[in-house]
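Novice: Here is the input, now give the coordinates:
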Amino acid sequence: VEIISGARSIVPLVLFLFLVLKLLLREKIHEPGILAYGIFLSVIGMIIFNIGLSYGLAKLGSQSGSFVPAAFTPLESVEGSPLYTYSVGVSIALFFAWILGFGATLAEPALNALGQTVENLTNGAFRKNMLMMAVSTGVGFGISLGVLKIIFEIPISYLLLPGYALGILLTAFSSEEFVNVAWDSAGVTTGPVTVPLVLAMGLGFGNAVQAVEGFGILSMASICPILSVLIMGLWIQLKTRRTNLQRINLLKGQEAVA
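Specialist: Residues are numbered from 1 along each chain as shown. Now for the predicted structure:
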């Protein structure tokens, strides 16, 4: 099943692009041998990735999400649960969710590509590591809020509406380049590593605490990195203005002495 799924992910797209190139554009394929070799590696890589994701990462996320609630609620599968007091157990679960979101986002290939592209386009003014840390931190807080939603059965609108309202407010005060990067950064959180892991964790968490459903975590993981990048942009703008004011005051002082 995973082999067929991996082939279906790439082969139809390759055929479509080939037909467009030959029939519509009437262009020759340059270096067909290298191209075929690259497509072959892409298909094999996607198949291996699907197998690892289904039998490794997704299962690990599901098992972790099913057992972590034992920290604050009784579970039949965990002897002696709850393992901690309610407040301490919930804090441990939120910390686990934060680390999971932070680590999964850092592993996203799309975030690495976005960070490198932004750094190249801004000539190093917006560093790759700075963007990756801001987005990963935002995703960590978003997933923690999503876990709170599951535990206390908070309506998703109570979290999303204030979040997007704050995002619009921060957008009004941010510069254009930070706004563009911030709102694009939400897309990299829905990559092939974060989505299966977080969904499996959320569904496992929901089953463990007997919630109505375990969805809604990814929506919070999308809005929070937007806010974190916008806040980082405002901080950089404020820092730059202070530096410029200090330089202006220094020059005025030197002119007064002269």
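Novice: Isn't residue 131 up against residue 121?
Specialist: No - if you go by Cβ atoms under 8 Å, residue 131 and residue 121 don't touch, sitting 11.6 Å apart. C-beta coordinates here come from the backbone N, C-alpha and C atoms, glycine included.
Novice: Which of these two has more residues huddled nearby?
Specialist: Shown here are residue 131 and residue 121; by other Cβ atoms under 10 Å, residue 131 has more neighbours (26 against 12).
Novice: Quick one, grab the pLDDT at that one.
Specialist: Here, the pLDDT recorded for residue 131 equals 88.
Novice: before we move on, what about residue 214?
Specialist: So, for residue 214, pLDDT stands at 67.
Novice: got it, and residue 256?
Specialist: On the pLDDT scale, residue 256 is placed at 73.
Novice: Does it lie in a helix or a strand, and which?
Specialist: Element membership of residue 256 [criterion: DSSP states H and E] is helix 217-257.
Novice: Packing partners of that helix?
Specialist: helix 128-152, helix 156-173, helix 176-185, helix 194-208 (3 or more Cβ pairs under 8 Å, 6 or more residues apart in numbering; DSSP states H and E).
Novice: Return the distance of that helix from the chain's centre.
Specialist: On the basis of Cα atoms, centre = their mean, to the nearest Å, helix 217-257 sits 24 Å off its chain's mean C-alpha point.
Novice: repeat for stretch 158-167
Specialist: Distance, centroid of stretch 158-167 to centroid of chain: 18 Å (Cα atoms, centre = their mean).
Novice: Give me the neighbour count for residue 103.
Specialist: Other residues within reach of residue 103 by the criterion other Cβ under 10 Å amount to 15.
Novice: How about it, nearest residue that isn't a chain neighbour?
Specialist: Setting aside the residues directly before and after it, residue 103 is nearest to residue 136 in space (Cβ to Cβ, 6 or more residues apart in numbering), at 7.9 Å.
Novice: Check residue 215 too.
Specialist: residue 202 (6.6 Å).
Novice: Quick one: residues contacting that neighbour.
Specialist: Contacts were defined as Cβ atoms under 8 Å, 6 or more residues apart in numbering; by that measure residue 202 touches 65, 146-147, 150, 214-217.
Novice: and which of these is nearest residue 245?
Specialist: Closest approach to residue 245 among these (Cβ to Cβ): residue 146, at 40.8 Å.
Novice: what number of residues lie near that closest one?
Specialist: 28.
Novice: How about residue 206?
Specialist: 23.
Novice: Return the distance of the residue most central in space within the chain relative to residue 141.
Specialist: Closest residue to the average C-alpha location of the chain: residue 189 at 2.5 Å, with Cα atoms, centre = their mean. Using Cβ to Cβ, to the nearest Å, one gets 12 Å for the distance from residue 189 to residue 141.
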